[in-house]
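1. missing the sequence, but the structure's below:
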């Protein structure tokens, strides 16, 4: 199985290719350069693997949440590639990909909080646990002020994502104890997207390109003056 994965939902632009058991990837922190970088990344991966696009069996894509423009870019590119190649798509939560990238040994027997800075004083957040080799959600994904974040019950937490660096004190106040592990410099990566998507492809759960839709969680990019004053 040859699976291509993309994620451009945050400041990080990444692509990964799973060829059988081999995983190769490209990743760069490059705000506002995703459209410039992502296609050369894909071409580089295919060249390194020695295969053409026609040998791809499917496309995995980070569906968001994250930056509106970045999420739309990855989804539209995944749809276009899949449509042209007549292959299915598996959209994967970018928050789940962020949680998946937490080192397995570190996250053993702990809950994982994935938090992406949503600007406007808010975070995109999701809680997960590792089951076998992949993470599973412990509830829904949310967007809102870090100081009001509601978490499922757990005595131990690992935290990953830019939301930790942006709102560390507010998030720490929501935890029962100091986090076992935390990294605010992590972003969703295509390597994690493809790891989460592979079992879905194997189970025949890929969707037609038109059903691979973005998830924004928030439908606006700025607060009104009244909303700002209410904070």
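-> Structure received. In this text the structure is predicted, and so the values were computed from the model without any measurement. Residues are numbered from 1 along each chain as shown.
2. going forward, measure contacts between C-alpha atoms and count neighbours the same way
-> Noted.
3. Could you chop the chain up by domain?
-> As given by automatic domain parsing, the domain ranges for the chain are 2-93+188-211, 102-183.
4. Of those, which is nearest residue 218?
-> domain 102-183 (6.9 Å; Cα to Cα).
5. Figure out the length between the terminal residues of that closest one.
-> 9 Å (Cα to Cα, to the nearest Å).
6. circling back to that earlier point, and the domains of the chain as TSV, adding mean neighbour count?
-> Below are the domains of the chain laid out as TSV (neighbours: other Cα atoms under 10 Å):
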stretch	mean neighbour count
domain 2-93+188-211	21
domain 102-183	19
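7. Now mean pLDDT and distance to residue 217 too, for these, in JSON lines please.
-> What follows is the domains of the chain, written out as JSON lines (pLDDT from 0 to 100; distance: least, Cα to Cα, whole Å):
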{"stretch": "domain 2-93+188-211", "mean pLDDT": "97", "distance to residue 217": "6"}
{"stretch": "domain 102-183", "mean pLDDT": "95", "distance to residue 217": "6"}
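8. May I see the ones you listed organised as TSV, with distance to residue 218 added?
-> Output for the domains of the chain, formatted as TSV (distance: least, Cα to Cα, whole Å):
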stretch	distance to residue 218
domain 2-93+188-211	8
domain 102-183	7
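9. so what does the biggest helix by length in the chain touch, helix or strand wise?
-> Looking across the chain with DSSP state H, the single longest helix is helix 68-85. For helix 68-85, the elements it packs on are strand 2-7, strand 58-62, strand 89-92, judged by 3 or more Cα pairs under 8 Å, 6 or more residues apart in numbering; DSSP states H and E.
10. what comes into contact with the second one?
-> Pointing back at strand 58-62 there. 2-9, 71, 74-75, 78, 81-82, 87-94, 97, 190, 193-194, 197, 201, 206 (Cα atoms under 8 Å, 6 or more residues apart in numbering).
11. tell me the angle that strand makes with helix 68-85.
-> Between the axes of strand 58-62 and helix 68-85, defined by axes from the mean of the first three to the mean of the last three Cα atoms, to 10 degrees, the angle is 170 degrees.
12. So which residues of the protein form strands?
-> Along the chain, counting by DSSP state E, strands occupy 2-7, 12-19, 22-29, 58-62, 89-92, 111-119, 122-131, 134-137, 142-145, 157-160, 181-183.
13. Could you tell me the angle between the longest helix of the chain and strand 12-19?
-> 30 degrees.
14. Need the residues that contact helix 68-85.
-> 6-10, 34-35, 53-54, 56, 58-65, 88-89, 209-210, 212-214, 216.
15. orientation of that helix relative to strand 2-7 in degrees?
-> 160 degrees.
16. can you tell me which residues contact the most centrally placed residue in the chain?
-> Nearest to the geometric centre of the chain sits residue 94, at 1.7 Å (Cα atoms, centre = their mean). Contact analysis of residue 94 by Cα under 8 Å, 6+ apart lists 7, 9, 62-66, 188, 193.
17. 7 Å - rerun?
-> Going by Cα atoms under 7 Å, 6 or more residues apart in numbering, residue 94 touches 62-65, 188.
18. for residue 96, same thing?
-> Residues near residue 96 by Cα under 7 Å, 6+ apart: residue 135.
19. measure it to residue 149 for me?
-> Taken as Cα to Cα, the span from residue 96 to residue 149 is 17 Å.
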